[in-house]
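*Asks:* quick one: sequence and predicted model below, then my questions.
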Amino acid sequence: MHATALKCNRCGWTGGLDITYTCPRCGYSLEVTYSYDSVDRRRVSKALENGGSVWAYSELLPLKDTDNAISMEEGNTPLIKSRTIGVKAGVRLYLKDETRNPTLSFKDRPNTVGISVAGEMGYRDVAIASTGNGAASLSAYSARGVLSCHVFVPRSTPVGKVAQALYHGSEIIYSDGDYSESFHYALKKCMENNWANITSTYINPYTMEGDKTLAYEIFSQLNFNVPDWIVVPLGAGPMLSGIWKGFNELRLLGFCDRLPRMIGVQAEGCAPIIDAFEKGSNRVSAWEKCDTVAGAIADPLKGYEDDGTRTLNSIRASGGYGVKVSDDLIMDTVKELAVKEAIFAEPASASSVSAVYKLKDKGVIKNNECVVSIITAHGLKDTDELINHLKK
Ligand SMILES: *Cc1c(COP(=O)(O)O)cnc(C)c1O
Ligand SMILES: [Zn+2]
């Protein structure tokens, strides 16, 4: 293993590779550092050439022994060239179809890494606060790894996602409020019971390492080319920061000499990070009340606003952009993706395509640029919302 330490993303404090959730010096979130000089470049190169899945990139993942990986062949999802939407928008559009993961969302990437590390460290119980997809995913990986799983979700979570978690054998703990309430409840229970917290904010420093494999796959699938833009729906945003980290590593290892610009997308009804971007602010503030069809990305960030700031920093470092999209545009895009591209995505996932239209109209994305939109999760997990919308 070439991972060397946990490092504070703000003040630079470093510490050992154990389960530490926040910087003991300044309270900010942490990240995994590597000794890139000792990484076997040929093994990475082979994975890039062969189209490897998440664990094919174990050279760049923080697990001591890959035999400890709790895996279900996640990742290696198709990068589909858009047939219609790209032409209509006037860009070279690719859709990274994360609905093809084992539990039908990209959350299998952060979770396979987070739970494998927890298992290797001897934890028998894992927990997650989730808007649904993360809970469904971690539940399946807990079944696979024979660990006990506790999921904290808002009561408004779609029944399809709760059913997945229930059938894989998890304990479900509801909160009556929003996602932030589940976040704080999970944090408390993890501390009391010594459960590994695999919540998909930046709280667990290992999960983002799974997200970054999206960068390796996109680079491999574009025949070792870097797209101009990558469009990512944002909760707290570790997926966006993970993809950004992955491309920086590819450059550091000498595989590419340029980087993509990162676009973060939120719904108009819950957009704390985009608000800060638009105001030119250096800090993200919490959102009071989230109201959007894109439930999977409805994270008001109450009490962990710094996570939003970290995402904002990644967007700015990349020379990227932040955009919010309306529920109407999102639902139109869900339909368009299904009819024109044959991809059935949930609303939060379609927002990464809605954003392309908006930013092309604005002149941010230029004619014929290469754009990759991440289609984060499958529409089948939230059919009530989608059927209700069709009736309108
Ligand atoms: C979790 C989730 C996101 C947001 O990812 P983060 O890394 O938490 O910002 C986007 N889309 C879907 C469908 C999700 O489940
Ligand atoms: Zn610090």
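*Replies:* Nice, I can see it. Ligands and ions are numbered 1, 2, ... in the order given.
*Asks:* Val159 contacts Asp384, doesn't it?
*Replies:* Yes. Under the criterion of Cβ atoms under 8 Å, Val159 makes contact with Asp384 at 7.0 Å. In short, each C-beta sits where N, CA and C put it, glycine included.
*Asks:* between the two, which one's more packed in?
*Replies:* Neighbours were tallied for Val159 and for Asp384 using other Cβ atoms under 10 Å; the higher tally belongs to Val159 (13 against 10).
*Asks:* strands along the stretch 251-392 of the chain, start to end?
*Replies:* Chain-ordered strands for the stretch 251-392 of the chain, with DSSP state E, counting those that start in this stretch as the definition, fall at 261-267, 321-325, 370-375.
*Asks:* in CSV: those strands, plus mean pLDDT.
*Replies:* Conversion of the strands of the stretch 251-392 of the chain to CSV gives the following (pLDDT from 0 to 100):
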stretch, mean pLDDT
strand 261-267, 98
strand 321-325, 98
strand 370-375, 98
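*Asks:* just these: most buried one?
*Replies:* Among those, strand 261-267 has the highest mean neighbour count (mean count of other Cβ atoms under 10 Å), at a mean of 28.
*Asks:* off-centre distance for it?
*Replies:* Computed by Cα atoms, centre = their mean, to the nearest Å, the separation of strand 261-267 from the middle of its chain amounts to 12 Å.
*Asks:* so which other helices or strands are in contact with it?
*Replies:* Other helices and strands packing on strand 261-267, by 3 or more Cβ pairs under 8 Å, 6 or more residues apart in numbering; DSSP states H and E, are strand 229-233, helix 238-252, helix 272-279, helix 305-317, strand 321-325, helix 347-361.
*Asks:* near Arg25, how many other residues are there?
*Replies:* Residues near Arg25, counting by other Cβ under 10 Å, number 12.
*Asks:* name the nearest residue to the spatially most central residue of the chain, sequence neighbours excluded.
*Replies:* Ranked by distance to the mean C-alpha position of the chain (Cα atoms, centre = their mean), the top residue is Met239 at 3.0 Å. Nearest residue to Met239 in three dimensions, chain neighbours excluded: Asp211, at 4.7 Å (Cβ to Cβ, 6 or more residues apart in numbering).
*Asks:* and that neighbour, how far from Glu98?
*Replies:* When Cβ to Cβ, to the nearest Å is the yardstick, Asp211 and Glu98 sit 11 Å from each other.
*Asks:* can you list residues touching both of these two?
*Replies:* With contacts taken as Cβ atoms under 8 Å, 6 or more residues apart in numbering, the residues that reach both Asp211 and Glu98 are Phe106.
*Asks:* picking up where we left off before, now do the contacts for the residue nearest to the centre of the chain.
*Replies:* Phe106, Pro110, Asp211, Leu214, Val232, Ile374, Thr376.
*Asks:* can I get those residues in a markdown table with distance to ligand 1?
*Replies:* Written out in a markdown table, the entries for those read as follows (distance: Cβ to the nearest ligand atom, whole Å):
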| residue | distance to ligand 1 |
| --- | --- |
| Phe106 | 7 |
| Pro110 | 7 |
| Asp211 | 6 |
| Leu214 | 10 |
| Val232 | 7 |
| Ile374 | 8 |
| Thr376 | 3 |
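*Asks:* quick one: which of the residues you listed is most hemmed in?
*Replies:* Neighbour count (other Cβ under 10 Å) singles out Phe106 as the most crowded of those, with 34 neighbours.
*Asks:* which residues does it contact?
*Replies:* Under the criterion of Cβ under 8 Å, 6+ apart, the contact list for Phe106 reads Glu98, Asp211, Leu214, Met239, Ile374, Thr376, Ala377.
*Asks:* show me which of the residues you listed is closest to ligand 2.
*Replies:* Comparing these against ligand 2 with Cβ to the ion picks out Asp211 as the nearest, at 21.3 Å.
*Asks:* quick one, phi/psi of that closest one?
*Replies:* When quoted as degrees, to the nearest 10, the phi and psi of Asp211 stand at phi -60, psi -30.
*Asks:* for Tyr174, same thing?
*Replies:* Comment: the main-chain dihedrals of Tyr174 come out as phi -90, psi 150, following degrees, to the nearest 10.
*Asks:* make sure Phe224 is actually in contact with Leu48.
*Replies:* Yes. The pair Phe224 and Leu48 qualifies as a contact (Cβ under 8 Å) at a distance of 7.2 Å.
*Asks:* rewinding a little: can you redo the strands of the stretch 251-392 of the chain as CSV with distance to ligand 2?
*Replies:* What follows is the strands of the stretch 251-392 of the chain, written out as CSV (distance: least, Cβ to the ion, whole Å):
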stretch, distance to ligand 2
strand 261-267, 23
strand 321-325, 25
strand 370-375, 29
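*Asks:* thank you, goodbye.
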